[in-house]
Each structure stands twice: as structure tokens, then as C-alpha cells.
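Asks: Sequence plus the predicted model coming up.
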Protein chains: 2
Amino acid sequence: MNSLALLKSNKLSQTSSRIDILEVFLESDTGLTEKEIDERIDSKYDRATVYRTLKIFREKGIIHPIIAENEMTRYVLKKDPVEHIHFKCELCGNVFCLTEVNISGIKLPKGFIKKEANFLISGMCPGCN
Amino acid sequence: MNSLALLKSNKLSQTSSRIDILEVFLESDTGLTEKEIDERIDSKYDRATVYRTLKIFREKGIIHPIIAENEMTRYVLKKDPVEHIHFKCELCGNVFCLTEVNISGIKLPKGFIKKEANFLISGMCPGCN
DNA sequence: CATGTTTTTGCGACTTTGTTGCAAAAATAG
DNA sequence: CTATTTTTGCAACAAAGTCGCAAAAACATG
């Protein structure tokens, strides 16, 4: 995937900060916090800019959040639009999108209307095991 | 449920802060943030005390956390030890423990070992619908 | 490619959540 | 009742995230 094309297809202006931050995501296979992004771009941009960029990427559906306990929100590139489980390894810290796990069987009781879902399982990943 | 007995059975000393905070939980059917607890006890105790109390209650398994995006951690009394989904209504803010939804069908791929799970669905509850 | 308009950025100040060390106060054990 | 242990309040702190505003960069258009 190309960062310039990705910005274009989402109708986002091509600023260096957006390109750089997007490239960080493209090069990472893990969920990233704002802090981790900041490190990887050597604090080249203001924290406010990074936060604003993350917000926009999210609204566009380029990235999606992983919400874990006692942790800052992490983001990963949204490769698969299908709703899925996230797995966070407690040892290496890696976050995996388990798109192969079927969660379509989860049905809410009458009257509950789903808008968004967030499933996170933590434990040990195959690599650390 | 009685707050004094609950403290005793968990081998916690009976301080007025623990009793009061536990009572707030016993009287609430919603997940509560530290701030909300603070309001309900009229800031009778220091914030640090409330945080420390929440931590201990959690370690003892008296309460359990609800982790939602862009939200402070909420806690609810752990009535049912069975793993379950939480539902958060975006309108009224109420959090429901959907113990009736069966999630035992969720199986992780080979090599992944589950330690903890956090399932949160947000949307609209029957009351607001 | 020059220029006017729109969008984005950096800065700084701020809010909120949550933590920690330490001395005083309260709870508990005997 | 008293000694010991635990808990509390205070104050200071750290880190995440937001916001207004002026400057800078990107973009559209001729």
C-alpha cells in the first residue's frame, strides 16, 4: 500500500506529517500509541498534530482503535473491514487482529441495538508461547 | 448484600471509606467511574483513597472493570463470575452485563492462550429505544 | 507558476485521570 | 488498653488529550 494513494483516496491533503505518520503505520504490524508514533518520527511533529491526524485517520476508517485496560488507545491499520477480535500479547505487547475468529454468532437480547463493538482478549501469543 | 459482610469475607479492614464506597456500588445498577463515585459520596474521601479502594476491590474480585473508548474506566459489582459481554447505551450511559449472551463459542486460533477478555458493545438499550 | 483561499500546523496553556511518598490517623490483634 | 499494622489525606507529580490562535503549508484556479 502506498501512503500518497491512501491519502488521496480518502480525500485528505498530502501534508508531510500525514505521509510520515501513515508510513509508520504501514511499516508496523502492531497497534501503536501516540507516544510510539511520536518516537518513530523523532518528535518531528507536535503532539497535537499527531492526535489530530489520528482522529482524522480514524474518521476516514484508515486506522481503527484497540482499547485495552490501563493502556493508552492503540491504533492499527484497518486492513479488513470485517468486525473482529483483537488479541494483545501480555509479553511482547503485540496486538493481532484475529479476523479468522467468527463472532457473528453473538446475538444481543431483544431491544438492544448494536452500533459498535470492541472485543479484546489478552494473553500469550504463539510467538511467545 | 451487606457491605460489612462483603468486606469481611474478602478480608478487608472495615474503614468508613470502604463501607461507603461499597454501598455506592450496592445501590447502583450502572457502571461507575471514580468521578461518579466521588460525587455520590460528596467528595467525603480523597481521590487517592477512592482510587486505592477501587484497586483493592478489583483485586479481590468485588468489582470488575468496563473499558470503553474515550471513557474513563467504569466499575460494576461482580455479581456473576461468568465471563460476559457488556453493553453500553450511548444515550443514557447505562452499562449492562449481558450474562445471557453466550460467548463460549469464541475459540482462539492455535497457539493463542487467553488470560483475560473484554467485550463491549455500544448502542441503544431497550429503555432508550 | 503566481496568487488568493482553505486547511493544517505548532505553540502554549489547560483539564483530567491516575499515581506516589510521607506523616498522621484509624483499624486491628493481643 | 496498647503496640503494630493498615489506611488515609495531602501535596506534588506525570501523562494523555484538547483547544484557540496566529503562522505556515497545501491546494485550486487562472
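Replies: Good, I have the coordinates. Numbering: from 1, shown residues only, chains lettered A, B, ... in the order given.

Asks: With residue B:114 as the reference, measure out to the closest residue to residue A:76 other than its chain neighbours.
Replies: Of all residues not flanking residue A:76 in the chain, residue A:31 sits nearest, at 4.6 Å (CB to CB, 6 or more residues apart in numbering or on different chains). From N, CA and C alone the C-beta is placed, and that goes for glycine too. Distance of residue A:31 to residue B:114, given as CB to CB, to the nearest Å: 18 Å.

Asks: who has more neighbours, those two?
Replies: The neighbour comparison of residue A:31 against residue B:114 (other CB atoms under 10 Å in any protein chain shown) goes to residue A:31, with 25 against 14.

Asks: got the contact list for that one?
Replies: A:66, A:74-76, A:86, A:88, A:95 (CB atoms under 8 Å, 6 or more residues apart in numbering or on different chains).

Asks: show me what contacts residue A:44?
Replies: Per CB under 8 Å, 6+ apart, neighbours of residue A:44: A:17, A:20.

Asks: so it is in which element?
Replies: For residue A:44, there is no helix or strand it lies in under DSSP states H and E.

Asks: Could you do residue A:114 as well?
Replies: Assigned by DSSP H and E, residue A:114 falls in strand A:113-124.

Asks: ok, and does the worst-scoring helix or strand of chain A on mean pLDDT reach over to chain B?
Replies: Each helix and strand of chain A was given a mean pLDDT (mean pLDDT, DSSP states H and E); the minimum falls on strand A:95-98 at a mean of 89. Yes: on the criterion CB under 8 Å from any CB of the partner chain, strand A:95-98 is in touch with chain B at A:96, A:98.

Asks: now for that strand, which elements pack on it?
Replies: Counting contacts by 3 or more CB pairs under 8 Å, 6 or more residues apart in numbering or on different chains; DSSP states H and E, strand A:95-98 is packed against strand A:74-77, strand A:85-89.

Asks: And the average pLDDT for the longest one is what?
Replies: So the one you mean is strand A:85-89. For strand A:85-89, the mean pLDDT works out to 92.

Asks: Can you tell me the strand partners of it and which way each runs?
Replies: Strand A:85-89 pairs in its sheet with strand A:95-98 (antiparallel), strand A:113-124 (parallel), by DSSP bridges.

Asks: Contacts made by the first one with the rest, please.
Replies: Yep, that's strand A:95-98 we're talking about. Contacts of strand A:95-98 (CB under 8 Å, 6+ apart): A:30-31, A:66, A:74, A:76, A:79-80, A:84-89, A:125, B:108-109, B:112.

Asks: follow-up on the earlier one: ok, which pair from the contacts of residue A:31 is furthest apart?
Replies: Greatest spatial distance in the contacts of residue A:31: A:75 and A:88, 13.3 Å, computed using CB to CB.

Asks: Need the residues touching each of the two.
Replies: Any residue near both residue A:75 and residue A:88 by CB under 8 Å, 6+ apart counts here, and that gives A:31, A:66.

Asks: and chain A, which residues reach chain B?
Replies: So chain A meets chain B at A:65, A:67-69, A:73, A:85, A:87, A:90, A:96, A:98, A:100-101, A:103, A:105-126, A:129 (CB under 8 Å from any CB).

Asks: can you map out the helices along chain A?
Replies: Along chain A, the stretches classed as helices by DSSP state H are A:3-9, A:16-27, A:34-40, A:47-59.

Asks: Turn the ones you listed into JSON lines, columns for mean pLDDT, distance to residue B:50 and mean neighbour count.
Replies: Shown next, in JSON lines, are the helices of chain A (pLDDT from 0 to 100; distance: least, CB to CB, whole Å; neighbours: other CB atoms under 10 Å in any protein chain shown):
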{"stretch": "helix A:3-9", "mean pLDDT": "96", "distance to residue B:50": "45", "mean neighbour count": "14"}
{"stretch": "helix A:16-27", "mean pLDDT": "97", "distance to residue B:50": "37", "mean neighbour count": "18"}
{"stretch": "helix A:34-40", "mean pLDDT": "97", "distance to residue B:50": "27", "mean neighbour count": "16"}
{"stretch": "helix A:47-59", "mean pLDDT": "98", "distance to residue B:50": "28", "mean neighbour count": "15"}
